[in-house]
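Colleague: mind looking at a prediction? Sequence and model below.
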Amino acid sequence: MASFFGWLRENSEHYLLVAAHHKLARTQGAPAPRPPRGAKEFFWLRVFAPTYAALPWPLRNRIMRAMPGSHRRTWAPPPRPPGPAV
């Protein structure tokens, strides 16, 4: 993904997954992933992920649909089977 939106989506997915691992470890009493290191990880894990989680789904959905990328692709209809239906 070479575009800005590709970079944004790639980082968002990664850090939302890491934040989910932190949350799961906390609720299950398991060892958590290492804490964020550096400004980049701090932003994604301590600012972006909680803000994203606090947004209501309709707003998140509107934001995702407004951005170009693969999430806007629709599924192709299934191919019709040849011959009569039996």
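Modeller: On my side now, so go ahead. Numbering: from 1, shown residues only.
Colleague: now do the buried residues in the helix or strand bottoming out on mean pLDDT in the chain.
Modeller: Ranked by mean pLDDT, DSSP states H and E, the helix or strand of the chain with the weakest confidence is helix 57-66, at a mean of 87. In terms of neighbour count (16 or more other Cβ atoms under 10 Å), helix 57-66 has no buried residues at all. For glycine as for every other residue, the C-beta is placed from the backbone atoms N, C-alpha and C.
Colleague: elements contacting it?
Modeller: Judged by 3 or more Cβ pairs under 8 Å, 6 or more residues apart in numbering; DSSP states H and E, helix 57-66 is in contact with no other helix or strand.
Colleague: name the element the spatially most central residue of the chain belongs to?
Modeller: What sits nearest the mean C-alpha location of the chain, by Cα atoms, centre = their mean, is residue 13, with 3.7 Å. Element membership for residue 13 (DSSP states H and E) is helix 4-28.
Colleague: just the buried residues of that helix, please?
Modeller: Within helix 4-28, the residues that count as buried by 16+ other Cβ under 10 Å are 9, 15-16, 18-19, 22.
Colleague: for that helix, name the packing helices and strands.
Modeller: Counting contacts by 3+ Cβ pairs under 8 Å, 6+ apart, helix 4-28 packs against helix 49-54.
Colleague: tell me which strands and helices the helix it packs on is in contact with?
Modeller: Packing contacts for helix 49-54, counted by 3+ Cβ pairs under 8 Å, 6+ apart, involve helix 4-28.
Colleague: kind regards, and thank you for your time.
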